[in-house]
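Asks: have a look; sequence and predicted model below, questions after that.
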Amino acid sequence: MHSGSPPASTTRPRRTTDRTRVTFITDICCNTRQTLTNVIYYLCIATISIDVVVSKRYIFNYWYCMATNMSGGMGLSANEDTVESVLSRNYRYTVPDYQRRYAWREEQWGALWDDVTAIKNGETHFLGSIVVIERTDGLNELNQLEVVDGQQRLATISIILSVIRERYVGDDEYTKQAKAVENDYLWEFDLDQKRHQNLELSTFDNSSFRAILEREYSEIDSEQMKEALKFFGDKIDSLTLDEVDSLRKRLLSSVTLVTIECNKEQSAFRLFETLNDRGLELSAVDLMKNHLFSIAANSNDIDYERVQSRWQDIITNTVPHLSKPSRFFRHHIMSAPTPDYNDNVSEYKLFDVFKEIVDGVVEHDERTLEEYVKDMSNQSCIYYRMSDCDIDFFDSAGNTAINSKLNQLNNIKSVQARTLLLRAFREFDNPNKIMEVLNLVEKFLIQWKVANYATGSQFDRIHSHVCSTAFERPDPIDSMQQYLSTQCPSDAEFRAGIENKRVILNDRTKYMLAKIEREYYGGEIVDLSKYDIEHIAPRSSFSAKKYSTWSYYLDTTEATFEQHRDLLGNLTLLESDENVRIGNNPFENKTTTYRKSDISMTNSVAETYDEWGIEQINERTSRLAEAATGIWSLG
């Protein structure tokens, strides 16, 4: 039973056998005084091969009937109700910010649609469970049920009802039904007749969800919800109004949910570890939260509410600011002084590493779990300010210089470097020290990226190693420079990388040209956004008759030109409007514009060269490679 091995026979058991197995396992668990969570666990393992609907319904029917006797003070109640009963209760359902965002996709939408539309007269369909915690509001306000598990189901059902309501609009025969959907299932009214959403999602999703409820479809920002609305809109638009009304009745009256009410978070999260929304894979961050809350919920020595509050701060500091919130957790683990983790933490390993660390804190660390999560929360604030180039920890001049350099690092795609930078902000309270680290990081990243020297995981290992070693030395910055210089390409390799590699026309290349302009040519660019990367010999020199002048200038084959057109020597910076105006003009026409440019590098092209071809591209590339080596060498 513990192994979860399927029965030898592949024949589906009869339903009576299914029920007998569930009853038998439940009785054994009761007689051996197993916890409620273990009952669910054993039942789920033992019924892997059982008909899904039968097993789910019988699992819940048996264990919630025994909840009072088995919960040991957990404060649980459970009821199986129709969707209509669940949504028409005099409560507001709310999703806290620490929960995952709306994440269902077409696979889950399609399965739910198929389940509901397949229900025959007199049948019901058991959809699963929702776990909630009751919250009390003010005198005239509706009490809340905080949704710990099940928001994906509830949100999707509400979206379907919103589409059904919209389908009714304009048809007098269904005006009452439209109002009933609106007022009974999508909105609730308190004693002052103030309207509230029946279901309120987290801060990150609710504006889009509310836009659906209010029919403000142009205000929907969430792509996930736009897709859900379109999916169910297409399905429902294909039905007649009579079929739509039949769908409404089946959804409200024939689909059931088990609502598990807990009087405290500890009880809710003991259950949450055993439940998952319709096979939707939990992200590493979801699993981390569940494990953290489970430990806190099961210990009398841990302040659960403080852990939960700190976690919510972390989510607030990461989800709105980062395209991948998991990056913060990876970089935090690799950067933290304790426990020291001198290795790459990949997305794949993140949960396992986090679990090992948290379990170690609880069992062996001098710090409490609350202190560990507090530190992580503090670091998340630094991390999001760092990623947003919005550091405000120093004086005005220091903040301005640091944020400018952080913005430059963002241009060269330096996500992996945040591990080292996070540790630097932890260790140094002097902005000049931070700037020294930022300059080292820039040199290291430019060298690696130009020479194509490593993968992202190698970057992570290097930065993790620096965090584990450099800050134990008397001069951490000197130690960083010494180690990073051993991990860099040599000056010869870096120079060869520029001379032989076609560059990508991105912000990193634009930044490199701007830095060469400042350091080598003595120019200064105040606002880089006003300039574009200019190809001296146009990229399309061979693609149209009007460029025949350029093919004559170049005096080479198209294949040879393609190998040279994106070398650094064929690029310069030019004011954006001038770049558009001169387009693909002949070289002698371009030089007139180059002489008038504010960019010294571009002036130099007009002053140095009377003609432009492959030889000139190679010569200028070598010159810029030499300049770049002097600027970004770590030696």
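Replies: Sure thing, it's come through.
Asks: quick check, Ser129 in a strand?
Replies: Yes. Counting by DSSP: H, G, I helix; E, B strand; the rest coil, Ser129 is part of a strand.
Asks: so how far is Glu370 from Asn579?
Replies: 56 Å (C-beta to C-beta, to the nearest Å). Where C-beta positions appear, they are placed from N, C-alpha and C, glycine not excepted.
Asks: how about Ala397?
Replies: Distance, Ala397 to Glu370, using C-beta to C-beta: 37 Å.
Asks: who's more crowded, these two?
Replies: Applying other C-beta atoms under 10 Å to Ala397 and Glu370 shows that Glu370 carries more neighbours, namely 18 against 9.
Asks: my read: the more buried one touches Arg306, true?
Replies: Yes. In terms of C-beta atoms under 8 Å, Glu370 counts as a neighbour of Arg306; the distance is 5.1 Å.
Asks: pull up the per-residue confidence for the closest residue to Glu558 other than its chain neighbours.
Replies: Spatial nearest neighbour of Glu558, excluding adjacent residues (C-beta to C-beta, 6 or more residues apart in numbering): Phe542 at 4.2 Å. Note on Phe542: pLDDT of 79.
Asks: neighbours around Phe542, how many?
Replies: Counted with other C-beta under 10 Å, Phe542 comes out at 18.
Asks: roughly how far apart are it and Gln447?
Replies: From Phe542 across to Gln447, the span is 33 Å (C-beta to C-beta).
Asks: what ranges does the stretch 51-200 of the chain have for its strands?
Replies: Under the criterion DSSP state E, counting those that start in this stretch, the stretch 51-200 of the chain contains strands at 76-82, 91-94, 125-135, 143-149, 187-189, 195-197, 199-200.
Asks: ignore what I typed, I meant the stretch 451-600 of the chain.
Replies: 531-535, 571-575.
Asks: okay, those, which one's buried deepest?
Replies: Ranked by mean neighbour count under mean count of other C-beta atoms under 10 Å, the strands of the stretch 451-600 of the chain are led by strand 571-575, which reaches a mean of 24.
Asks: so for that strand, what's the average pLDDT?
Replies: For strand 571-575, mean pLDDT is 98.
Asks: do the same with stretch 376-392
Replies: For stretch 376-392, mean pLDDT rounds to 96.
Asks: buried stuff in stretch 493-513?
Replies: Neighbour-count burial for stretch 493-513 flags Phe494, Arg495, Gly497, Ile498, Glu499, Val503, Arg508, Thr509, Lys510, Tyr511, Met512, Leu513 (criterion: 16 or more other C-beta atoms under 10 Å).
Asks: one step back: turn the strands of the stretch 51-200 of the chain into JSON lines, columns for mean pLDDT and mean neighbour count.
Replies: Formatted as JSON lines, those follow (pLDDT from 0 to 100; neighbours: other C-beta atoms under 10 Å):
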{"stretch": "strand 76-82", "mean pLDDT": "85", "mean neighbour count": "17"}
{"stretch": "strand 91-94", "mean pLDDT": "91", "mean neighbour count": "21"}
{"stretch": "strand 125-135", "mean pLDDT": "87", "mean neighbour count": "20"}
{"stretch": "strand 143-149", "mean pLDDT": "88", "mean neighbour count": "20"}
{"stretch": "strand 187-189", "mean pLDDT": "89", "mean neighbour count": "16"}
{"stretch": "strand 195-197", "mean pLDDT": "91", "mean neighbour count": "15"}
{"stretch": "strand 199-200", "mean pLDDT": "96", "mean neighbour count": "21"}
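Asks: now these as JSON lines including distance to Arg461?
Replies: Formatted as JSON lines, the strands of the stretch 51-200 of the chain follow (distance: least, C-beta to C-beta, whole Å):
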{"stretch": "strand 76-82", "distance to Arg461": "46"}
{"stretch": "strand 91-94", "distance to Arg461": "42"}
{"stretch": "strand 125-135", "distance to Arg461": "40"}
{"stretch": "strand 143-149", "distance to Arg461": "37"}
{"stretch": "strand 187-189", "distance to Arg461": "53"}
{"stretch": "strand 195-197", "distance to Arg461": "47"}
{"stretch": "strand 199-200", "distance to Arg461": "43"}
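Asks: closest one to Cys389 among those strands?
Replies: Among those, strand 199-200 comes nearest to Cys389, with 32.6 Å by C-beta to C-beta.
Asks: counting by contacts, list what the lengthiest helix in the chain packs against.
Replies: Assignment by DSSP state H gives helix 431-451 as the longest helix of the chain. Packed against helix 431-451, as judged by 3 or more C-beta pairs under 8 Å, 6 or more residues apart in numbering; DSSP states H and E, are the following elements: helix 396-411, helix 418-427, helix 476-487, helix 491-500, helix 507-519, helix 614-632.
Asks: winner for burial among the ones you listed?
Replies: It is helix 418-427: most buried of the helices and strands packed on helix 431-451 by mean count of other C-beta under 10 Å, with a mean of 23.
Asks: and the angle from that one to helix 396-411?
Replies: For helix 418-427 against helix 396-411, the angle between stretch directions is 170 degrees (axes from the mean of the first three to the mean of the last three C-alpha atoms, to 10 degrees).
Asks: mind checking how far helix 418-427 is from the chain centre?
Replies: The chain centroid and the centroid of helix 418-427 are separated by 21 Å, computed with C-alpha atoms, centre = their mean, to the nearest Å.
Asks: just the CA trace of that helix, in CSV.
Replies: Taking C-alpha atoms only, helix 418-427 is exported to CSV below (Å, rounded to 0.1, in the frame of the first residue of the first chain):
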residue,chain,number,x,y,z
ARG,A,418,22.5,39.4,-9.5
THR,A,419,23.8,36.6,-7.3
LEU,A,420,27.1,38.4,-6.7
LEU,A,421,25.4,41.9,-6.6
LEU,A,422,22.9,40.8,-4.0
ARG,A,423,25.8,39.7,-1.8
ALA,A,424,27.6,42.9,-2.4
PHE,A,425,24.6,45.0,-1.3
ARG,A,426,24.4,42.8,1.8
GLU,A,427,28.1,43.3,2.7
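Asks: just the angle between that helix and helix 431-451, please?
Replies: Using the same axes, to 10 degrees: helix 418-427 against helix 431-451 is 170 degrees.
Asks: got the contact list for Val373?
Replies: By C-beta atoms under 8 Å, 6 or more residues apart in numbering, the residues touching Val373 are Leu292, Arg306, Val307, Arg310, Trp311, Ile314.
Asks: and these, which two are furthest apart?
Replies: For the contacts of Val373, the farthest-apart pair by C-beta to C-beta is Arg306 and Ile314; their separation is 12.9 Å.
Asks: neighbour count winner among those two?
Replies: Of the pair Arg306 and Ile314, Ile314 is the one with more neighbours under other C-beta under 10 Å, namely 25 against 16.
Asks: so, low pLDDT: which residues of the stretch 251-400 of the chain?
Replies: For the stretch 251-400 of the chain, the stretches with pLDDT under 70 are 264-282.
Asks: before we move on, what about the stretch 51-200 of the chain?
Replies: Scanning the stretch 51-200 of the chain for pLDDT under 70 picks out 51-75, 136-142.
Asks: residue ranges of the helices in it, please?
Replies: 52-65, 67-70, 83-87, 106-117, 151-168, 175-180 (DSSP state H, counting those that start in this stretch).
Asks: the fourth one vs helix 151-168, what angle?
Replies: If you take the same axes, to 10 degrees, helix 106-117 sits at 60 degrees to helix 151-168.
Asks: would you map the strands across the stretch 201-350 of the chain?
Replies: Secondary structure of the stretch 201-350 of the chain by DSSP E, counting those that start in this stretch: the strands cover 255-262.
Asks: hmm, back to that, in TSV: the helices and strands packed on helix 431-451, plus distance to Tyr384.
Replies: Below are the helices and strands packed on helix 431-451 laid out as TSV (distance: least, C-beta to C-beta, whole Å):
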stretch	distance to Tyr384
helix 396-411	12
helix 418-427	11
helix 476-487	24
helix 491-500	33
helix 507-519	21
helix 614-632	28
